[in-house]
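Trainee: Here is my input; please provide its structure:
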Amino acid sequence: MIQRISRLNAALPELAELESLIEEGKQYMRIRVPAHIQHKGEHLPFYVLEMGSTAKDAPVLALVGGVHGVERIGTQVILSFMKSLVRRLHWDPVIRDQLEHLRLLIIPIVNPGGMAENTRCNPNGVDLMRNAPVEAEGKTPWLVGGQRISSALPWYRGKPGRPMEPENQALSDAIHHALRDQKYCISLDCHSGFGTRDRLWFPYAKST
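Mentor: Numbers count the residues shown, from 1 in each chain. The predicted structure is shown next:
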């Protein structure tokens, strides 16, 4: 058991850090594990954390990371934010007051299997950012817009007609569960930078 935990921590230190932060700040969090992602005989937890207000009119900030396993910095940025927030909540009344008027929805590691393998895709070879149950209405860039040729090529969408990958289904379910009564939400999906400078991307999936 000790060897298994040690091996997992070495491959996925972000998960170990997340669970340590959950233990440290659990009095401020509503913690759910709606799914477990299978990876090499392990069942990796898919953590969904909520903090702050439960009011229906409270605005929501959703922080998502770890969609691409090689882009670890997205998860690390969220974990750093969580660490700062939890530790300030112990002593800072201003932060506690702010959280009474908004809700944080935090999903730090969407693709734990891919992160453990240090791959962009999930353990099934699917790029989760291209794995959608709808088709684009217009023309998309070849390959980059998602392809179904082979998982040996990048940006593989998965086989046609198949359900979404379990990570994406868990993400979709978590978002719907958290936002079913909310009016306002901003979602920030944290990835690595692209090219020579960082960017804010405003994505669209089905149409422009």
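
Trainee: Can you give me the neighbour number for residue 152?
Mentor: Burial measure for residue 152: 7 neighbouring residues, criterion other CB atoms under 10 Å. Every C-beta, even on glycine, is put in place using the N, C-alpha and C of the backbone.

Trainee: Looks to me like residue 85 is in a strand.
Mentor: No - inclusion of residue 85 in a strand is not indicated when DSSP: H, G, I helix; E, B strand; the rest coil is applied; the result is helix.

Trainee: so what's it closest to, chain neighbours aside?
Mentor: Excluding the flanking residues, the one nearest residue 85 by CB to CB, 6 or more residues apart in numbering is residue 95, at 7.0 Å.

Trainee: wouldn't the one you found be in contact with residue 88 here?
Mentor: Yes - between residue 95 and residue 88 a contact is recorded at 4.9 Å, counting by CB atoms under 8 Å.

Trainee: Those two: which has the busier surroundings?
Mentor: residue 95 (17 against 13).

Trainee: what sits against the more buried one?
Mentor: With contacts taken as CB atoms under 8 Å, 6 or more residues apart in numbering, residue 95 has the following neighbours: 85, 88, 89.

Trainee: what about it, which helix or strand?
Mentor: Assigned by DSSP states H and E, residue 95 belongs to helix 93-99.

Trainee: What residues of that helix count as buried?
Mentor: Judged by neighbour count using 16 or more other CB atoms under 10 Å, the buried positions of helix 93-99 are 95, 99.

Trainee: Quick one: mean pLDDT for whichever helix or strand comes after it?
Mentor: Once the chain leaves helix 93-99, the next helix or strand it forms, by DSSP H and E, is strand 103-107. Averaged over strand 103-107, pLDDT sits at 97.

Trainee: Parallel or antiparallel, list what pairs with strand 103-107.
Mentor: Strand 103-107 pairs in its sheet with strand 42-52 (antiparallel), strand 60-65 (parallel), by DSSP bridges.
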